[in-house]
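> sequence and computational prediction follow.
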Number of protein chains: 2
Amino acid sequence: MTVTRTHRLQSIGGRLAGVTDVLPHRPPTPADRVGECCTPLAPPAAALLKPDLAEQLARRFKALADPTRVRLLSLIGSHPAGEACVCDLTAPIGLSQGTVSFHLKTLVDAGLLTREQRGRWSFYRLIDGALDDLADILRRF
Amino acid sequence: MTVTRTHRLQSIGGRLAGVTDVLPHRPPTPADRVGECCTPLAPPAAALLKPDLAEQLARRFKALADPTRVRLLSLIGSHPAGEACVCDLTAPIGLSQGTVSFHLKTLVDAGLLTREQRGRWSFYRLIDGALDDLADILRRF
């Protein structure tokens, strides 16, 4: 059961990495079968997230580890068209356009927002599924 | 519609703050009713997370913004009994007990783990609902 859970986490990790099969499923080993019939004192080593997946997750959580960036995501997500111009974000946030643009760039670099330039203004949109993938990971811990 | 979404976020914020009604629902105002009948160009100011809720969320995400802590949560969550002794965590993580204990304390301070001392060893357990609440917030952005 633990191995199945780990595979689910690693499948999400595949999407985070932009590939579909970084961690293919493996057939059950004798050690897995022990886990099916009784309660081991500790989970198999496979239950530990791979370092590269843990790095990717931590990088995204780091982008969320700032109250201004959390508010920006909430604000952009609440815009009826699902996207917001930077010119509509500075006043509600109450910070300068330069500071808001810095936080938006951090969210773009973390793979949580897209940015599109239209004339003088930049428009930002939540990347489909990016926050849902993080939510799935948290629910499966 | 946007206001309802904001109230859901703030309801979760109430649980995060350890209280149930920090942000009581308010009756709809004329501005809300405009939002019900047509699509405004920008969301109402109420769609912006309150600063104190944004601070709480950012503090929890900061605790998750480290690959070792992400791996520790995954490892503890995968233990069959739902809890793990620090003595079972150091070897899989591959760091000293002092370093692992520092990361565990960060997770306890952020309200994601409980710690219980039994004799010589500390045992850690995921706090029920804490990660689910964060996942709910991410899904509703």
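On my side now, so go ahead.
> the strand or helix carrying residue A:74 packs against which elements?
Per DSSP states H and E: residue A:74 is located in helix A:67-78. When contacts are defined as 3 or more C-beta pairs under 8 Å, 6 or more residues apart in numbering or on different chains; DSSP states H and E, helix A:67-78 sits against helix A:51-64, strand A:83-85, helix A:90-93, helix A:97-109, strand A:121-126, helix B:2-16, helix B:51-63. In short, each C-beta sits where N, CA and C put it, glycine included.
> any idea of the angle that helix forms with strand A:121-126?
Per axes from the mean of the first three to the mean of the last three C-alpha atoms, to 10 degrees, the angle that helix A:67-78 makes with strand A:121-126 is 90 degrees.
> list of residues touching helix A:67-78?
Contact with helix A:67-78 is made by A:63-64, A:83-84, A:89, A:92-93, A:95, A:99-100, A:103-104, A:106-107, A:112-113, A:124-126, A:131, B:2, B:5-6, B:9, B:43, B:47-49, B:51, B:54-55, B:57-58, B:61, B:140-141, as judged by C-beta atoms under 8 Å, 6 or more residues apart in numbering or on different chains.
> tell me how chain A divides into domains.
By the assignment in automatic domain parsing, chain A contains the domains A:2-56+A:133-140, A:61-128.
> which stretch in those domains has the least confidence?
Mean pLDDT is lowest for domain A:2-56+A:133-140 out of the domains of chain A, coming in at a mean of 59.
> let's have the helices and strands packed on helix A:67-78 in CSV, adding distance to residue A:136 and mean neighbour count.
CSV is the format used below for those (distance: least, C-beta to C-beta, whole Å; neighbours: other C-beta atoms under 10 Å in any protein chain shown):
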stretch, distance to residue A:136, mean neighbour count
helix A:51-64, 11, 20
strand A:83-85, 24, 19
helix A:90-93, 28, 16
helix A:97-109, 19, 16
strand A:121-126, 16, 18
helix B:2-16, 17, 18
helix B:51-63, 16, 19
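> kindly reformat the ones you listed as a markdown table containing distance to residue B:118.
Shown next, in a markdown table, are the helices and strands packed on helix A:67-78 (distance: least, C-beta to C-beta, whole Å):
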| stretch | distance to residue B:118 |
| --- | --- |
| helix A:51-64 | 28 |
| strand A:83-85 | 51 |
| helix A:90-93 | 47 |
| helix A:97-109 | 42 |
| strand A:121-126 | 44 |
| helix B:2-16 | 29 |
| helix B:51-63 | 24 |
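> in a helix, residue A:135, correct?
Yes - assessed by DSSP: H, G, I helix; E, B strand; the rest coil, residue A:135 belongs to a helix.
> settle this for me: it is touching residue B:141, isn't it.
No - if you go by C-beta atoms under 8 Å, residue A:135 and residue B:141 don't touch, sitting 9.4 Å apart.
> ok so, going back, between the helix holding residue A:74 and helix B:51-63, how big is the angle?
Computed with the same axes, to 10 degrees, the direction of helix A:67-78 lies at 110 degrees from that of helix B:51-63.
> relative to helix A:97-109, how tilted is helix A:67-78?
Computed with the same axes, to 10 degrees, the direction of helix A:67-78 lies at 70 degrees from that of helix A:97-109.
> would you mind writing the CA trace of helix A:67-78 as CSV?
Presented in CSV, the C-alpha positions along helix A:67-78 are these (Å, rounded to 0.1, in the frame of the first residue of the first chain):
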residue,chain,number,x,y,z
PRO,A,67,2.5,36.8,2.0
THR,A,68,2.6,39.2,-0.9
ARG,A,69,3.0,36.3,-3.4
VAL,A,70,0.1,34.4,-1.7
ARG,A,71,-2.1,37.5,-2.1
LEU,A,72,-1.1,37.9,-5.7
LEU,A,73,-2.0,34.4,-6.6
SER,A,74,-5.3,34.7,-4.8
LEU,A,75,-6.0,38.0,-6.6
ILE,A,76,-5.1,36.8,-10.1
GLY,A,77,-7.1,33.6,-9.6
SER,A,78,-10.1,35.7,-8.6
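> can you pull the contacts of the residue lying closest to residue A:92 once chain neighbours are set aside?
Spatial nearest neighbour of residue A:92, excluding adjacent residues (C-beta to C-beta, 6 or more residues apart in numbering or on different chains): residue B:48 at 5.1 Å. When the contact criterion is C-beta under 8 Å, 6+ apart, the partners of residue B:48 are A:71, A:74, A:75, A:78, A:92, A:93.
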